[in-house]
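J.: turn this into a structure:
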Amino acid sequence: MSYSVGQVAGFAGVTVRALHHYDGIGLLVPSERTYAGHRRYSDTDLDRLQQILFYRELGFPLDEVAALLDDPDADPRTHLRRRHDLLTARIEKLRKMAAAVEHALEARTMGINLTPEERFEVFGDKDPEQYAEEAEQRWGGTEAYAESQRRAATYTKEDWKRIQAEVDDWGERYAALVAAGEQPAGEAAMDLAEEHRRHIGRYYFEVPYEMHRCFAEMYVSDERFKAFYDSMRPGLAEHLRDAILANADRYTTS
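T.: Down below sits the predicted model:
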């Protein structure tokens, strides 16, 4: 089975021009050509293209990609181990970035009033000012935003440390629940969803169940919130959404 350059471009999501370039520099030379000189790619060629695109996604220049793939001492297991190591490092970096985004949004949205030194003590190396404008544009006209600003303006450094400790503790318990295979509609998951709702109500603004339902959908649809919750444990964002919805039904369905 062989494929035309157009078919391969469609499979891989690359341009025909890129495939021509890879051929020209010897990085991906098609195994066959038709009598008319048209390129035809084999399954082996597609495997190599997949490896090329993987390394390109990780930021490797083309000359380094060629060196990696043409190393005579390498075998498929070597490439797989290299992929695993690079992906693991990248996932960890993305999780830290997602957590930083979440803390920044939460910090500024809730009107944190701390000195720079205190912010570092409470939130680590995250920048609470980074998403201030977006947060105000998104929620600035709501009563919930105004209420959170009023409350947060009264909090001390110790208050914020206590709030953050509660968030961390809740996250650990929810991650353990997901790891244990608890269902979102189970009592344990719904209880933690209710705790999540009450935490917001206790420190920031009241959250009716209908509003909590909206938050639940946002935790999945907004990639930053999803990344933050999934950084606690993969799949946690969807699990939490379903638990929040089930909990809301538990208290509002007669």
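
J.: elements contacting the helix or strand that contains D168?
T.: Using DSSP states H and E, D168 maps to helix 157-179. Helices and strands touching helix 157-179, by 3 or more C-beta pairs under 8 Å, 6 or more residues apart in numbering; DSSP states H and E, are helix 116-123, helix 187-203, helix 223-232, helix 236-252. In short, each C-beta sits where N, CA and C put it, glycine included.

J.: if we use 6 Å, what do you get?
T.: If you count contacts as 3 or more C-beta pairs under 6 Å, 6 or more residues apart in numbering; DSSP states H and E, helix 157-179 packs onto helix 116-123, helix 187-203.

J.: just give me the lowest mean pLDDT stretch among the ones you listed.
T.: Mean pLDDT per stretch puts helix 116-123 lowest among these, at a mean of 54.

J.: who touches the helix or strand where A67 lies?
T.: According to DSSP H and E, A67 maps onto helix 62-69. Surrounding helix 62-69, the residues in contact under the criterion C-beta atoms under 6 Å, 6 or more residues apart in numbering are L27, Q51, I52, Y55.

J.: just the closest of those to N247, please.
T.: For those, the closest approach to N247 (C-beta to C-beta) belongs to Y55, at 44.6 Å.

J.: and D85, how many neighbours?
T.: By other C-beta atoms under 10 Å, 10 other residues sit near D85.

J.: I meant to write G186 there.
T.: Number of residues near G186 (other C-beta under 10 Å) recorded here: 13.

J.: about what we covered before: now do the helix holding A67, average pLDDT.
T.: pLDDT averaged over helix 62-69 gives 85.

J.: what comes up buried for stretch 45-63?
T.: For stretch 45-63, the neighbour count (16 or more other C-beta atoms under 10 Å) marks D45, L46, R48, L49, Q51, I52, F54, Y55, F60 as buried.

J.: ok, stretch 3-22 next?
T.: Y3, V5, V8, A9, A12, V14, A18, L19, Y22.

J.: which outside residues touch stretch 171-182?
T.: Under C-beta under 6 Å, 6+ apart, the answer for stretch 171-182 is A188, A189, L192, M232, R233, L236, H239.

J.: and that stretch, how far out from the chain's middle?
T.: Put simply, stretch 171-182 sits 18 Å off its chain's centre (C-alpha atoms, centre = their mean, to the nearest Å).

J.: again with stretch 199-212
T.: That offset, for stretch 199-212, works out to 24 Å (C-alpha atoms, centre = their mean).

J.: report pLDDT for the spatially most central residue of the chain.
T.: The centre of the chain sits closest to A227, judged by C-alpha atoms, centre = their mean, with a distance of 2.8 Å. Looking at A227, its pLDDT stands at 89.

J.: so which elements touch the one helix or strand D45 maps to?
T.: Assigned by DSSP H and E, D45 belongs to helix 43-57. Under the contact definition 3+ C-beta pairs under 6 Å, 6+ apart, helix 43-57 sits against helix 62-69.

J.: this completes my enquiry, with thanks.
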